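Peer 1: Got a sequence here, can you build the structure:
(one chain, ligands or ions: 2)
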Amino acid sequence: MKRYSVAVLPGDGIGPEIMHEAMKVLKAVGKKAGVEFAATEALVGGSSIDAHGVPLTDEVLKLTLSSDAVMLGAVGGTKWEGLDYSIRPERALLALRKELGLFANVRPARIYKDLIDASTLKPEVIDGVDLVVIRELTGGLYFGTPKGVEKLPDGTERGVNTMVYTTPEIERIAKVGFEVARKRRKKLCSVDKANVLETTELWRKVVIKIGQDYPDVELSHMYVDNCAMQLVRNPKQFDVIVTENTFGDILSDEASMLTGSIGMLPSASLGATKNRAMYEPIHGSAPDIAGKGIANPIATILSVAMMLKYSFDMEDASVAIEAAVEKVLNKGYRTADIYQPGTKKASCSEMGEAVLKEL
Ligand code: IPM
Ligand code: MG
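Peer 2: Ligands and ions are numbered 1, 2, ... in the order given. Down below sits the predicted model:
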């Protein structure tokens, strides 16, 4: 029997609830496919701060480094907001990305026919949207130095973050963008701010150079402000978007809203080798609804589907999960975030069970 090890980090807020449902789905898929998923649970983020004083212990980092893949729920919450930046829950996420070398963040956004009315945008604008944001994840503003806040002689302060990219960093993320586009509709839009920021002028130059190896992929460029506008004006024009860390953070949240709920979108963060991968919903820990059993587990369940596809080459099982989610939506099951009069209100666990039943 094939055996894969998965580090499972539920995290904070709604993290544990949604992960519980996702793990049920993973188990069921394993049983069906004759694959053993050995899941090891561990604390991360605020829950780790409470237990150990730090958001990510060496032990948990080691666990993730020795696992075939990592599943993460969500980190953070109001409880830990006053802490120093260096030990905030979010640091765990950033450290995992850096230590595992997860430079490519794949965030698909597609519209489910049954949820078209859940979006704040007009049906004719979003019907048929199917795009992927590829976000660079270990460079740019998030990690560049110098960074920090310093006191000035006159008593005021000066805050600094630096957007840095090197040629190899741009090359490898551009390649991911082209490879993903090649397997889809063969359109890649590189998003930058090359009219103002030198870093992204380099970004554009390098992407064009890598593009010479992908003549079958149609490459275009867009400034980030224009892209933010085009995403709500005419999102159907996009197939694959590749962009730097901060731009990708913002644009992927925006893209998620096309679909009606951020509770629907999974993501994969991939490194240079197959055993470096982390899967997580793109939404946060939602402390306001934590423990109420009303969170939407679909993004996490779809993250399991991404793990099966990218880490374990289990394409059929991955597609089966996606199809099950679609069926459940079609049957009218809705968690509170996507609920509309006339549909069946489901709790977090009822949604998980409904997906299981369709598998
Ligand atoms: C995301 C989140 C994180 C980020 C936060 C929680 C650090 O917003 O994954 O998009 O900014 O990358
Ligand atoms: Mg974000």
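Peer 1: what's the lengthiest helix in the chain packed up against?
Peer 2: As assigned by DSSP state H, the longest helix anywhere in the chain is helix 15-33. Applying 3 or more Cβ pairs under 8 Å, 6 or more residues apart in numbering; DSSP states H and E, one finds that helix 15-33 contacts strand 2-11, strand 35-41, strand 69-74, helix 298-310, helix 315-330, helix 348-358. Any C-beta I mention is one placed from the backbone N, CA and C, and that applies to glycine too.
Peer 1: Let's have the ones you listed in TSV, adding mean pLDDT.
Peer 2: Shown next, in TSV, are these (pLDDT from 0 to 100):
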stretch	mean pLDDT
strand 2-11	98
strand 35-41	98
strand 69-74	98
helix 298-310	97
helix 315-330	97
helix 348-358	98
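Peer 1: Tell me which of these sits most buried.
Peer 2: Mean neighbour counts were compared across those using mean count of other Cβ atoms under 10 Å; the top stretch is strand 69-74, at a mean of 28.
Peer 1: Flag every buried residue along the next helix or strand after that strand.
Peer 2: Note on strand 69-74: by DSSP states H and E, the next helix or strand toward the C-terminus is helix 89-99. Residues of helix 89-99 classed as buried by neighbour count (16 or more other Cβ atoms under 10 Å): 89, 91-97, 99.
Peer 1: which helices and strands does helix 89-99 pack with?
Peer 2: When contacts are defined as 3+ Cβ pairs under 8 Å, 6+ apart, helix 89-99 sits against helix 46-52, helix 58-66, strand 69-74.
Peer 1: between those, which gets nearest to ligand 1?
Peer 2: For ligand 1, the closest of those is strand 69-74, at 8.0 Å, according to Cβ to the nearest ligand atom.
Peer 1: Please save the CA atoms from the closest one in PDB.
Peer 2: The C-alpha coordinates for strand 69-74 follow below in PDB (Å, rounded to 0.1, in the frame of the first residue of the first chain):
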ATOM      1  CA  ALA A  69       3.000  17.600   2.200                       C
ATOM      2  CA  VAL A  70       1.600  20.100   4.600                       C
ATOM      3  CA  MET A  71      -2.100  20.900   5.100                       C
ATOM      4  CA  LEU A  72      -2.700  24.200   6.900                       C
ATOM      5  CA  GLY A  73      -6.000  25.600   8.300                       C
ATOM      6  CA  ALA A  74      -5.600  29.300   9.200                       C
END
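Peer 1: Strand 2-11 and that strand, what's the angle between them?
Peer 2: Angular relation of strand 69-74 and strand 2-11 on a 0 to 180 degree scale: 20 degrees, by axes from the mean of the first three to the mean of the last three Cα atoms, to 10 degrees.
Peer 1: tell me what strand 69-74 is packed against?
Peer 2: Counting contacts by 3+ Cβ pairs under 8 Å, 6+ apart, strand 69-74 packs against strand 2-11, helix 15-33, helix 89-99, strand 277-281, helix 298-310.
Peer 1: Partner strands of it and their direction?
Peer 2: strand 2-11 (parallel), strand 277-281 (parallel) (DSSP bridges).
Peer 1: what would these look like in JSON lines with distance to ligand 1?
Peer 2: As requested, the strands paired with strand 69-74 are exported to JSON lines (distance: least, Cβ to the nearest ligand atom, whole Å):
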{"stretch": "strand 2-11", "distance to ligand 1": "10"}
{"stretch": "strand 277-281", "distance to ligand 1": "7"}
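Peer 1: how far away is the residue in the stretch 1-150 of the chain that ligand 1 sits nearest to from residue 56?
Peer 2: Proximity of the stretch 1-150 of the chain to ligand 1 (Cβ to the nearest ligand atom) peaks at residue 90, 4.0 Å away. Separation of residue 90 from residue 56 (Cβ to Cβ, to the nearest Å): 11 Å.
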